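Novice: what's the 3D shape of this:
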Amino acid sequence: MSRKEILAWAAGACVLLGLALLPRWLEDDYYLSLLISILMYCVLATSWALFSGPTRYVSLATVAFFGLGAYVTAVFGEQLPWAAVLAIAAGAGLAVALVVGLSTLRLSGVYFVIFSFGLAELVKQLVTWWEVNVTKDLGRYVFVDITQLDIYWQLLALLALVLGLRALIHRSRLGLALRVIGEDETVAKHVGINTTHAKVLLFTASAVFMTVTGAIMAPRWTYIDPSIAFAPVISFQTLIMALLGGAGALLGPVLGAVPLVLLFEYLGAHFPNHFSILLGLVFIVIVYFVPQGLSGWITRFSRRKKGLP
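Specialist: Predicted coordinates for the structure are as follows:
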């Protein structure tokens, strides 16, 4: 490991420590709630980019795994220790992602986008059917002895894990294989890369982080039902945030998540009846004016400042 990399890891550890201590100086619960929302989307966007960044597969299945994790907490939260609940959520996300990945990651382009969106709706309808026909109760109350501060710290730890994993994968042979797949999957197959194995592995890892995020967030709502846990807007906002920051850069999704969470918080508070329209406009603006993301814009600006092409 080079001196530059050691300094980068040390700086990251200092930032993590500072963020862990930050709630101690917050006097208003609103700001802690806002930080939790920011961290949630930072984890979701970074998890999305873990798979979709290098492979360029656009997935809209984020909320399928997020909602699955939320329901794991709703079902097991009062019966089992919290660590066991998170472990079950991770296992559920792993199992579903393996089944989905092995059966569908041969799709690509618009077909994968359509399938991933359909998967989220399918999981939502299956949970709704189960609740209505088996449990006879559509919604669930979540009574777990987990505070807002606990949620904050757990999301911060999860963000550190997914960023660390992404950094390690980027330097590995797997990361190189995924980038080749993103450039041209046919070429990747011809040079001997097991594309299915690589894609399933990263899709599964991404899904596990999303599922655990949903499990951690569930106690915040107290009450959940399929329309809350599987709200499609979560998938779209995660996608927009990753694209704004730059899905290919390590910190790109974080760069996109922070300003957009603040923007969506403002729009939701002041224009609740027009939120969906404004969300679509934000999506169009980002795709049209910032196609390479903020990280790409920063890189280009830095190169121009140094006189590089």
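Novice: Leu60: which element?
Specialist: Leu60 belongs to no helix or strand when assigned by DSSP states H and E.
Novice: I'd like to check which residues are in contact with it.
Specialist: Neighbouring residues of Leu60 by Cβ atoms under 8 Å, 6 or more residues apart in numbering: Val113, Ser116, Phe117, Ala120, Pro232, Ser235, Phe236, Leu239. Heads up, the C-betas are built off the backbone N, CA and C, glycines and all.
Novice: same question, Phe230
Specialist: Per Cβ under 8 Å, 6+ apart, neighbours of Phe230: Val63, Ala64, Phe66, Gly67, Ala120, Glu121, Val123, Lys124, Val127.
Novice: Give me the local confidence score for Tyr71.
Specialist: Note for Tyr71: predicted pLDDT of 93.
Novice: Make residue 1 into 303 and carry on from there
Specialist: Right, with 303 as the first residue, what we last looked at is Tyr373.
Novice: and it, how many neighbours?
Specialist: Tyr373 is flanked by 26 other residues according to other Cβ atoms under 10 Å.
Novice: for the helix or strand containing it, packing partners?
Specialist: Per DSSP H and E, Tyr373 falls inside helix 364-378. Counting contacts by 3 or more Cβ pairs under 8 Å, 6 or more residues apart in numbering; DSSP states H and E, helix 364-378 packs against helix 331-357, helix 384-406, helix 411-432, strand 442-443, helix 497-523, strand 525-526, helix 528-531, helix 534-547.
Novice: Show me which positions of that helix end up buried.
Specialist: 364-376, 378 (16 or more other Cβ atoms under 10 Å).
Novice: May I ask which two of those are separated the most?
Specialist: Pairwise distances across the buried residues of helix 364-378 peak at 22.0 Å for Thr364 and Phe378 (criterion: Cβ to Cβ).
Novice: hmm, back to that, quick one: the buried residues of helix 364-378 as CSV, columns for distance to Val584 too.
Specialist: Below are the buried residues of helix 364-378 laid out as CSV (distance: Cβ to Cβ, whole Å):
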residue, distance to Val584
Thr364, 17
Val365, 18
Ala366, 23
Phe367, 24
Phe368, 20
Gly369, 23
Leu370, 27
Gly371, 26
Ala372, 25
Tyr373, 29
Val374, 31
Thr375, 30
Ala376, 31
Phe378, 36
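Novice: which among the contacts of Leu362 gets closest to Met342?
Specialist: Ser537 (13.3 Å).
Novice: So what's the residue count around the closest one?
Specialist: 24.
Novice: what residues are up against it?
Specialist: Contacts of Ser537 (Cβ under 8 Å, 6+ apart): Leu362, Ala363, Thr364, Val365, Phe419, Ala422.
Novice: As a markdown table, those residues with distance to Glu567 would be great.
Specialist: Formatted as a markdown table, the contacts of Ser537 follow (distance: Cβ to Cβ, whole Å):
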| residue | distance to Glu567 |
| --- | --- |
| Leu362 | 22 |
| Ala363 | 25 |
| Thr364 | 19 |
| Val365 | 19 |
| Phe419 | 25 |
| Ala422 | 23 |
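Novice: can I get these in JSON lines with pLDDT and distance to Gly516?
Specialist: Formatted as JSON lines, the contacts of Ser537 follow (pLDDT from 0 to 100; distance: Cβ to Cβ, whole Å):
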{"residue": "Leu362", "pLDDT": "89", "distance to Gly516": "16"}
{"residue": "Ala363", "pLDDT": "90", "distance to Gly516": "13"}
{"residue": "Thr364", "pLDDT": "93", "distance to Gly516": "10"}
{"residue": "Val365", "pLDDT": "94", "distance to Gly516": "9"}
{"residue": "Phe419", "pLDDT": "86", "distance to Gly516": "18"}
{"residue": "Ala422", "pLDDT": "87", "distance to Gly516": "12"}
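Novice: Where does pLDDT dip in this protein?
Specialist: Within the chain, the stretches with pLDDT under 70 are 303-307, 310-311, 593, 603-611.
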